[in-house]
Each structure stands twice: as structure tokens, then as C-alpha cells.
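[1] need a structure here:
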Amino acid sequence: MPQPPDLIYDPYDYALDANPHPVWRRLRNEAPCYRNDRYDFWALSRFADVLGASLDHETFRSGRGTVLELIDKLNEPTPMIFKDPPEHTRLRKLVSRAFSPRRIAELEERVRDIARSYLEPRVGSGGFDYVADFGARLPVMVISSMLGIPEEDREQIRLWTDATLHREPGETLPEPGVLRDLFGYLARYVAERRKAPRDDMMSDLLEAEIQEPDGATRRLTDVEILTFISLLSAAGNETVARLLGWAATTLAHCPDERRKLVKRPGLIPGAVEELLRYEAPSPVQARTLSRPLVLHEVAIPEGAVVLLVTGSAGRDEREYPDPDRFDVERPIERHVSLGFGIHFCLGASLARLEGRVALEETLARFPEWEVDLANAEMVHTSTVRGWERMPIRF
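    Numbers count the residues shown, from 1 in each chain. Prediction:
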């Protein structure tokens, strides 16, 4: 089908980012293989297409980058998510033990204690900023404690990682000094761990060995470790912070669904999955084609950049009945908001744990709230969507 000339999908448009669902619906129905000449990309928006591309990592490659504006612009070593097999496989295996189901289950009490420490002082107040004062702080405290970063420095780590993703209007690249400051800070602790290892993930990375294609083994370099740490920090912090921001707004706008969770806390794990489907915290991922492809009668050349719009896939009526309705009892067999295939989010189990515990502790103390949208503020990036500030009132 010909692409409507008035259909414009710009991932850097602030106005569109505030409510992309009408445009995403048009993409699914009118241009399921959409072409953007300005930024030189194609976009897939239907669930089946996004799922299929996620599973076909031989065709939809990540080695040139998975962020539109960073394609071919990063120097080695690049993060694990910007790699293809076999290197991606070796690196993922290296850190997967830190996110095993057993290790994540062991973290629950720590996550719960941190959540309580932020929420309990707010009891009896008129309200607070649910994201800035809680949702953005919980995940950074958890992942930073796993890495062994001192508590007094964790807020600065969050600010740096936020800045690596933020984009000003008209800009597509982050401030160049942000990564330098973040790496410079973390390098001190890597040097300390080399001299005196501790019981934390940073020390585990220093001790880990990676197998080369020829069978030889080696330790990670400092730069590789810093790349790992910055990836784990940014990915873990951003995803959960935005998930909890969407929880605050969505449950305020759907009070009947919120009451179900208060009365039946056993529904909360399913509600986390529904939130991920309904408002994907990371709604866009980029891939590069390794071969020519024809989709929906549109020819895409080898080497083309294709955006997988997971945020749109979660609202596809072809996969989910009545997709624009938020339903905490919806049976969800699958969604793509945490990725699929070999690039499935390594920290998915941790994100789900943090989301579940955060909602359990929040609803136990604050069964009702309203959101102050007039004083709310969104995060603006090409890959992460959600709230930076979301005041709530009781």
C-alpha cells in the first residue's frame, strides 16, 4: 500500500513523544513498513513483525548499534547490546550468572527494604514526586549496590546515566562530556577492585574470563568493564524508573483497576506485565539489515536501518483484544517490551521484581492518589519514553 504523505513518525519529536499512540496506530494500519527519509530509516510497528524481527537476529543485526542516532558512531568497545553473535553470546554468558533466578530471588528483601525506606516517610504527607523521589531512586540503589558503588554516589550515577540518554530539541547525540565524567568516576573503583576485590558484581567482572574465538581465555580490560557497568546502570535504572512512572499515571487514570490491586495483591505480577505492554518504557530499538528484504510489499535494501517499534506492538489489536484498555486481569502470554530472542533484556527478572515490590509497597500505604500532570515532566530520548517528574497527591 502507498504510504500516506501526511503520516510522519519522528522519534525525536517532543509533541509526538507525549502521545505517540495515534501515530503508531496509523503506522500499523496504513504503513506497516514505514519509510522516514529525513532520518533514513524504516519502521516496523505490528506485533508479528516486531516479534519476527527480534527472533531473526541473522537478518536484523545489532552490530552497528541499536540506537538510531548512534548507528556507526560508537568506538570500540561497544556495549553488549550493540553486538551480534558470537561475541554477543560470549559477553552475555559472562554476566548472565549475576541475573540468575536464584540471585534475583535473593535480592527481594533488599529491594523491599529500599522501597520501604523511600515510601514510609511519605505516609501522612499530602503527596510527593513518585518518580523523582521514589521510582528513579529505587532501581539505581539496587543496581549500584549490586555493583558495589558507594551509597553516597548513587544519585550522581543516576544523573549521569540519565544524561547519556537525554536529547534536547533538534539534537540527536548526547553531551560528549557525560560519558567521560561517568567513565572517569567508575575507573577509580575498578582500579580499587583490582587491588582489593570485594563481594560485588564489579569484582566478579574483574575476575571473569572470556573465551576468544580461538579458544584462548582472557580477562576483561578496564574499558570493557566500564562499558559493561555503564550499560547495566543505564539500562536497569531507566527501564524501571519509566515503568514506575507509567504505573503512577496509569493507575491514577484507571482507579477501578487500582482498586483491584489493593483488594487482590496477587494480581500485581500480572499488572506489571500489563503495564509493560500498555506503555513500553523502551518503545523503539534499531536494527540493520544483513540482506535485502521485502515486507508488506515494500523493498528494504541490505544495510538499511529498521526501527522495531515495540511500543506500538504492545497496542496491536491483531495480538491483543481491545489493546487501548488497561486491564490488570488481562491474560498476557507474551509481549515484546523487554525484547525477544537473543537480545531479550538480561535484567528482565530484576526489573519485574522491582516493579512488583514497588507496587506492593506503594499500594499497601497509598491505595488512592491523583497525578499532577500540570507539574509533571517527561524524559526525552529516542529510545526511552516516560516521566522524569510525576507529582502525586493523596
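
[2] C-alpha only now, for contacts and for neighbours.
    OK.

[3] element containing Thr239?
    When elements are defined using DSSP states H and E, Thr239 is found to belong to helix 222-253.

[4] Report the buried residues of that helix.
    Judged by neighbour count (16 or more other CA atoms under 10 Å), helix 222-253 contains these buried residues: 222, 224-252.

[5] How about stretch 316-334?
    Residues of stretch 316-334 classed as buried under the neighbour-count rule (16+ other CA under 10 Å) are Asp316, Glu319, Tyr320, Pro323, Phe326, Asp327, Val328.

[6] Could the C-alpha coordinates of it be exported in PDB?
    What follows is stretch 316-334, C-alpha atoms only, in PDB (Å, rounded to 0.1, in the frame of the first residue of the first chain):
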ATOM      1  CA  ASP A 316      -1.600  -4.000  18.200                       C
ATOM      2  CA  GLU A 317      -5.200  -5.200  18.000                       C
ATOM      3  CA  ARG A 318      -4.100  -8.100  15.900                       C
ATOM      4  CA  GLU A 319      -2.400  -9.500  19.100                       C
ATOM      5  CA  TYR A 320      -4.400  -8.000  22.000                       C
ATOM      6  CA  PRO A 321      -8.200  -7.600  22.100                       C
ATOM      7  CA  ASP A 322      -9.200  -4.000  23.000                       C
ATOM      8  CA  PRO A 323      -5.500  -3.000  23.300                       C
ATOM      9  CA  ASP A 324      -6.100   0.600  24.400                       C
ATOM     10  CA  ARG A 325      -7.800  -0.700  27.600                       C
ATOM     11  CA  PHE A 326      -5.600  -1.200  30.700                       C
ATOM     12  CA  ASP A 327      -6.700  -4.400  32.300                       C
ATOM     13  CA  VAL A 328      -4.800  -5.900  35.300                       C
ATOM     14  CA  GLU A 329      -6.600  -9.200  34.700                       C
ATOM     15  CA  ARG A 330      -5.700  -9.500  31.100                       C
ATOM     16  CA  PRO A 331      -4.000 -12.800  30.300                       C
ATOM     17  CA  ILE A 332      -0.800 -12.000  28.600                       C
ATOM     18  CA  GLU A 333       1.100 -14.900  27.100                       C
ATOM     19  CA  ARG A 334       3.800 -12.700  25.600                       C
END
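
[7] what's it in contact with?
    In this structure, residues lying in contact with stretch 316-334 by CA atoms under 8 Å, 6 or more residues apart in numbering are 25, 28, 46-48, 250, 254, 257, 260-261, 267-268, 270-271, 273-275, 278, 314-315.

[8] do stretch 260-274 as well
    By CA under 8 Å, 6+ apart, the residues outside stretch 260-274 that reach it are 326-332, 352, 355-356, 359-360, 363-364, 367.

[9] give me that answer again for 6 Å
    Val328, Arg356 (CA atoms under 6 Å, 6 or more residues apart in numbering).

[10] Give me the buried positions along stretch 189-201.
    Burial within stretch 189-201, assessed by neighbour count using 16+ other CA under 10 Å, is assigned to Tyr189, Val190, Arg193, Asp200, Met201.

[11] and if you look at stretch 251-268?
    Of the residues in stretch 251-268, those buried (16+ other CA under 10 Å) are Leu251, Ala252, Glu257, Arg258, Leu261, Val262, Pro265, Ile268.

[12] What distance do you get for the residue lying closest to the fourth one once chain neighbours are set aside to Ser312?
    This means Arg258. Leaving out its chain neighbours, the residue that sits closest to Arg258 by CA to CA, 6 or more residues apart in numbering is Leu251, at 5.4 Å. Counting by CA to CA, to the nearest Å, the gap between Leu251 and Ser312 amounts to 20 Å.

[13] same question, Asn237
    As judged by CA to CA, Asn237 and Ser312 stand 22 Å apart.

[14] Now for the buried residues of stretch 251-268: which two are most distant?
    Within those, Ala252 and Pro265 form the most distant pair, 16.8 Å apart (CA to CA).

[15] doesn't Arg218 fall inside a strand?
    Yes - residue state for Arg218 (DSSP: H, G, I helix; E, B strand; the rest coil) corresponds to a strand.

[16] my read: it touches Ile210, true?
    Yes - using CA atoms under 6 Å, Arg218 and Ile210 qualify as a contacting pair, with a distance of 5.5 Å.

[17] Please identify which of those two sits among more neighbours.
    Ile210 (17 against 12; other CA atoms under 10 Å).

[18] Which phi and psi values does the more buried one adopt?
    With angles defined as degrees, to the nearest 10, Ile210 sits at phi -110, psi 140.

[19] now stretch 371-382: mean pLDDT?
    Throughout stretch 371-382, pLDDT has a mean value of 90.

[20] Pull up the distance across it, start to finish.
    First-to-last residue span, stretch 371-382, CA to CA: 25 Å.

[21] how about it: buried residues?
    Val371, Met378, Val379, His380, Thr381, Ser382.

[22] which of those residues sit farthest apart?
    Val371 and Ser382 (24.9 Å).

[23] The very next helix or strand once past the helix holding Thr239 to helix 222-253, inter-axis angle?
    Tracing the chain C-terminally past helix 222-253 and defining elements by DSSP H and E, one meets helix 255-263 next. Going by axes from the mean of the first three to the mean of the last three CA atoms, to 10 degrees, helix 255-263 is angled at 110 degrees with respect to helix 222-253.
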